[in-house]
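Undergrad: One predicted model, sequence on top.
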Amino acid sequence: MSSTKASVVDPGMTASERPGRLAAGQDPVKRQQILDGANRVFSQMGFDAASMNDITREAGVSKGTIYVYFNNKEELFIDLCQQYKAALFDGIYQALESNNSDLREALIQFGISLSTLITSNAGIRAQRVIIGVAERMPSMSSSFYEKGPKKGLALMRALLDKHVAAGSLAIEDTELAAYQLSDLFHSGLLRRRLFGQMELEPEPEQIRKTVTAGVDLFLKAYKA
């Protein structure tokens, strides 16, 4: 006696409910395509001058498609900030937390990772956009700082506190010291990049030299 298998697709399902089909607005590849287009537009035109039409053209999608994923350019910008924050900070913070037995080496590796990312072309473009909207979207720029740079400073301060407690460093204000060290990591590099005085990304050797000199100066000043 032969049997017939029931169809795996319910005829009553909508197209988005059928197996193998993604619901509207749920395709990660399409979403990233739109975000990449928005990133290019924001970088070239700035946030205020950019429009959803500009982003639609740059991303190569229809108006109907872009509005399925994002209601406005503010939502696009928020998502881009989150992506940048994750790419910039998450990995290097893990490195600092996992490699803190040798203080000098841990600080040098952290500084190299941080300076390489924030002076990269993508990093500079993102920072310029975020700074550019700080007055218009203060909560967004503040949130980015809280979840990004401030988190890194807190981790550096915790590491410094640990070595102060162990007697290897003599620092009265570890919060201030963390700010000082952060600036030493990219001394002479970041501001020149932000203001267009250094068009090309710094060479790895230049970054290592800057970071190493900064760390050695810092440790010389605060060595117990």
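TA: Yep, that arrived.
Undergrad: contacting residues around S187?
TA: By Cβ atoms under 8 Å, 6 or more residues apart in numbering, the residues touching S187 are 210, 214. In short, each C-beta sits where N, CA and C put it, glycine included.
Undergrad: Retrieve the pLDDT associated with it.
TA: What the model reports for S187 is a pLDDT of 96.
Undergrad: in what helix or strand does it lie?
TA: Taking DSSP states H and E as the definition, one finds S187 inside no helix or strand.
Undergrad: Please tell me how far P149 sits from R136.
TA: Noted for P149: a distance of 20 Å to R136, by Cβ to Cβ, to the nearest Å.
Undergrad: Over to T56?
TA: In terms of Cβ to Cβ, T56 sits 22 Å off from R136.
Undergrad: which of these two has more neighbours?
TA: Each of T56 and R136 has its neighbours counted (other Cβ atoms under 10 Å); T56 has more, 20 against 11.
Undergrad: Please identify which helix or strand holds that one.
TA: Secondary structure from DSSP H and E places T56 in helix 52-59.
Undergrad: Using PDB, write out the CA atom coordinates for the next helix or strand along the chain from that helix.
TA: Next in sequence after helix 52-59, counting helices and strands by DSSP H and E, comes helix 63-69. C-alpha atoms of helix 63-69 as PDB (Å, rounded to 0.1, in the frame of the first residue of the first chain):
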ATOM      1  CA  LYS A  63      12.900  52.700  -2.000                       C
ATOM      2  CA  GLY A  64      10.400  50.000  -1.100                       C
ATOM      3  CA  THR A  65      13.300  47.800   0.000                       C
ATOM      4  CA  ILE A  66      15.200  50.300   2.100                       C
ATOM      5  CA  TYR A  67      12.100  51.300   4.100                       C
ATOM      6  CA  VAL A  68      11.400  47.700   4.900                       C
ATOM      7  CA  TYR A  69      14.700  47.700   6.800                       C
END
